[in-house]
Structures are given as C-alpha cells and as structure tokens.
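K.L.:
this is the structure alone, sequence omitted:
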C-alpha cells in the first residue's frame, strides 16, 4: 500500500489530479506481484532456509516449508497463480510503456531467486530488490496517474532505493551463515561483516547528505526533507548494533533487522504526508479521495507498526525463538521474512 501510495502521491503533487480506478489496478498489481515474489522465494530458497541456523523474525524465510506445514509445491503453485493475476492486470494497463515496465518488474521479481538467473545468489539481489520494489513500483504507480513523472519523483525514489539496498544488506547479513553453506553468494556474503558495516555507514551518511543538498538546492520541499531526515535515527540504531556485534545474538539481531526494515516504510509514510501538507500550504490541496486513502494507509501502517513492536518485545528463548503468550493471540505477521 505504501509503495503504491508513494508513487501516486508524487504524481498528485506534480499534476494535482487522482484516478481511483488506476490506483486500485496498481495496488492489485503490487499485491499480486509481491505475493508472487514471497511464494517464489519460499520455494527456491528452501535449501538456504533449511541451512540457516539462526533465522530472525524478519529473515530466513517464513519457516512454513522448513517446518513441513505445507508442501513446497504449494508455494510454487501459489507463485504461479499470483503471476497469472499480475499478467492479467498488466494486460489492462493503458499504454505500452506501463505494460513493458510491469513485465520487467515481474521478471526481475521472479528471477530474484528463481533459476536460471537467481539474482540474489549472484550478489545482485540487494540492488534488484531495491529497483523492483522502491524504484519501478512507485514509477509505475505514477505513470498510471494523470500527474505523471517529475524530478521530485526521481529524487524521492532514489532516496528510498538507496535505503532498500542498505536494508537488504542487513537482511542478507542475518542469513549469511546459512547462505554460505549452500553457495548462496549474496552481496552481504561477498563483502563480509566488516565491509557490510562500513558500506551501511557510508550509505546512510551519503544518503542524508544528499537529502540536505537537495533541500538546499530547492529540489526537495522543506517538509519532505524534514520528514526524511527524521527517520535517520533508525539507521543510526542499526549501525550501532552492527558495530556492537548485535548480529551475533539472536535477540539483538531481531531488533537490528526490525529497525533496518522499518526505516523504509517510516520514510515512505513521512514523505507522503509531507507532500500532502506541502500541497495544502501552497493552497492547492490534493483531491479529497486521495487524502483519505493516503491518511488511511498511514493509519494502517501505524497500527501495524505498534502491534509488531509489541510482539517484538516478547521474551525469547536461548535460541532466539520468540515465545508465545499463554492466551491465544493473532499469528505474527511475517511476510517480510522471505
């Protein structure tokens, strides 16, 4: 919802118009493609997930296949169903550029772990994931709206793309031991712990220096820059964990991977709201339907984040396994594990 909303908000900020039907189609495409990727990853990453001795709540797969709760063929079949839904929605897109972009997006998402490319096994997964989810995703959402593209969209997309590369480095850092056992050569595995920490630190520093420079040059609205800079402490927390050896302890590794993941949606939501406020202050508020949807998306995320943060505070066993409460509780949402 946020990746799609991010692109639509940038298009609305550019053109002032909003199309509900194209938003719904884009959202359906994003959901089906994202589900396809997770089901595909579960199947093709099964060997690596089985070899992973210390999965966190955010890495190492959902453990559904590893624990034998479902047959691997169920995951692969589900991936194909989601793929066919995405293809059908792609056929309904209005222009050749949007259809080509959607096809490219699905292809990169599928071959993230699927043979023959297996991009995440060749140190290309981090960049591929960022390009698909936070580059091509918002771009497609914007192209399907009346406002179209703008320099602001490209700058903001670049910011979240960099954050996604850094986030994927941390996710693959957590899975490094199991990945190496099965020959999965992620960028994190190729770099090793020390260089991953250095690259993460440099990436965060360059990113936020760039935000300041763009704001000073007038390329980023002031409120957008403030919203993005306000999320920097999440990256600092992750960096402190890397430098303090937190990834060697399951409980602390869980917290590091959690905040590495949360920096992205926090930045995305903050940017969305800042863009809407910027429009209102200019005297050209966004269309009311989009304000309602964007605010609703942010509220949904805030509720999910609160619930997930509470779950993450549950005690852990010696092996890092999250203990369950005595009373029945909702199943923990763990889509990001894949």
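P.N.:
Yep, it's here. Since the model is a prediction, treat every value here as computed from it, not as a measurement.
K.L.:
use CA for all of it now, contacts and neighbours both
P.N.:
Fine.
K.L.:
surely residue 83 meets residue 34?
P.N.:
No. Applying Cα atoms under 8 Å as the test, residue 83 and residue 34 come out as separate, 9.6 Å apart.
K.L.:
count of neighbours near residue 281?
P.N.:
Using other Cα atoms under 10 Å, residue 281 is surrounded by 10 other residues.
K.L.:
likewise for residue 243?
P.N.:
Other residues within reach of residue 243, judged by other Cα under 10 Å, total 14.
K.L.:
what's the answer for residue 258, then?
P.N.:
Residue 258 is surrounded by 24 other residues when neighbours are defined as other Cα under 10 Å.
K.L.:
excluding chain neighbours, what is closest to it?
P.N.:
Taking Cα to Cα, 6 or more residues apart in numbering, and ignoring the residues beside it in sequence, residue 258 has residue 58 as its nearest neighbour in space, at 6.7 Å.
K.L.:
three-state assignment of that neighbour?
P.N.:
Reduced to three states with DSSP: H, G, I helix; E, B strand; the rest coil, the structure at residue 58 is coil.
K.L.:
and the next helix or strand past the lengthiest helix in the chain?
P.N.:
Determined from DSSP state H, the single longest helix within the chain is helix 250-281. The element immediately downstream of helix 250-281 (helix or strand, assigned by DSSP states H and E) is helix 288-312.
K.L.:
re the thing from before, which helices and strands sit right next to the longest helix of the chain?
P.N.:
With contacts defined as 3 or more Cα pairs under 8 Å, 6 or more residues apart in numbering; DSSP states H and E, the secondary structure elements packing on helix 250-281 are helix 2-15, helix 151-174, helix 222-229, helix 232-243, helix 288-312.
K.L.:
what's the angle between the third one and helix 151-174?
P.N.:
Looking back up the chat, that one is helix 222-229. Calculated by axes from the mean of the first three to the mean of the last three Cα atoms, to 10 degrees, helix 222-229 forms an angle of 0 degrees with helix 151-174.
K.L.:
now the helices for the stretch 51-200 of the chain?
P.N.:
Listed from the start of the chain, the stretch 51-200 of the chain has helices (DSSP state H, counting those that start in this stretch) covering 72-91, 96-110, 125-130, 137-143, 151-174, 176-181, 187-191, 193-216.
K.L.:
buried residues in the shortest one?
P.N.:
So the one you mean is helix 187-191. Neighbour-count burial for helix 187-191, with 16 or more other Cα atoms under 10 Å as criterion, is recorded at 187-189, 191.
K.L.:
would you confirm that residue 102 contacts residue 89?
P.N.:
No. With contact defined as Cα under 8 Å, residue 102 and residue 89 do not form a contacting pair (9.2 Å).
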